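[1] Structure, please.
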Amino acid sequence: MATPRPEPVQLHEHAMDNLRYIRRTLERAGEFTAVPGIGGMLMGSTALVAAWIAGPGTPTPRWLAVWLAEAVVALLIGIGAAAQKSKRVRIPLLSGPGRKFVAGLAPAMVAGAVLTVVLFRQGNSGAIPGVWLLLYGTGVLSGGAASVRVVPAMGALFMLAGGLALLLPPASGDLLLAAGFGGLHIVFGTIIAVKYGG
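    Numbering: from 1, shown residues only. This next block holds a predicted model:
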């Protein structure tokens, strides 16, 4: 009596399994190209408006409220623009590279939020602009490792601006906030929009 043989695997099923494996591998290894250039330009523009509204000087509760409102507006612009761009290029926003970008950015943002509360409570609010720029740059540099090359470069310049804000007199913090969150977002947003499709 012969042993029953298992049913042979259909060729098309085997090919489809291979294609799914290749696709997952490419998604995990690819670049996060949904970084929004136009969204970056809009974020930079709203940061310049926030800098103008907050005005120069030692950070006060009003100053902090203006910049925190700006952070929420910028976050919403960034998420909305990234979702729109990822839909246009038909790559899921939270694909492998997208998750890596968020995983690199989020810890620095959480650390920045905690340090903001601590510094403001201790009366050392003059260090807040430098901490924001430095940690945002750290997050963008780290998350940008899963993106196009221009994104980590932007993160490095944010870190430089943050270092300068912490080393120079506190009065320079407002100018560097405007130059960083306003100017760098506009410049790099333009580069991304032109070279990487919006």
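[2] which residue packs closest to residue 196, ignoring adjacent ones?
    residue 148 (5.7 Å; CB to CB, 6 or more residues apart in numbering). For the C-beta atoms, the positions are set from N, CA and C on the backbone; glycine is no exception.
[3] Show me what the helix or strand containing residue 103 is packed up against.
    In this structure, residue 103 sits in helix 96-121 according to DSSP states H and E. Packing partners of helix 96-121 (3 or more CB pairs under 8 Å, 6 or more residues apart in numbering; DSSP states H and E): helix 11-29, helix 61-88, helix 128-143.
[4] neighbours around residue 89, how many?
    12 (other CB atoms under 10 Å).
[5] any idea of the mean pLDDT in stretch 175-192?
    What stretch 175-192 shows for mean pLDDT is 94.
[6] Oops, could you answer that again for stretch 147-160 instead?
    Averaging pLDDT residue by residue across stretch 147-160 gives 90.
[7] Stretch 93-111 now?
    The average pLDDT within stretch 93-111 is 81.
[8] Buried residues, it. List them.
    Of all the residues in stretch 93-111, those buried under the rule 16 or more other CB atoms under 10 Å are 93, 95-102, 104-105, 108-109.
[9] Just name the closest of the residues you listed to residue 84, please.
    Using CB to CB, residue 93 is the member of those that lies nearest residue 84, at 9.5 Å.
[10] Tell me which residues touch the residue nearest to the spatial centre of the chain, please.
    Here the mean C-alpha position of the chain is nearest to the C-alpha of residue 140 (CA atoms, centre = their mean), at a distance of 5.1 Å. Listed by CB atoms under 8 Å, 6 or more residues apart in numbering, the contact partners of residue 140 are 105, 151-152, 154-155, 158.
[11] Relative to residue 104, how far out is it?
    Distance of residue 140 to residue 104, computed by CB to CB, to the nearest Å: 8 Å.
[12] Look up how far residue 191 lies from the residue nearest to residue 196.
    For residue 148 relative to residue 191 (CB to CB), the value is 10 Å.
[13] ok, now residue 54?
    Plainly put, residue 54 is 27 Å away from residue 191 if you go by CB to CB.
[14] do residue 150 as well
    Distance, residue 150 to residue 191, by CB to CB: 6 Å.
[15] residues touching residue 55, list them.
    Applying CB under 8 Å, 6+ apart, we find residue 55 in contact with 63, 174.
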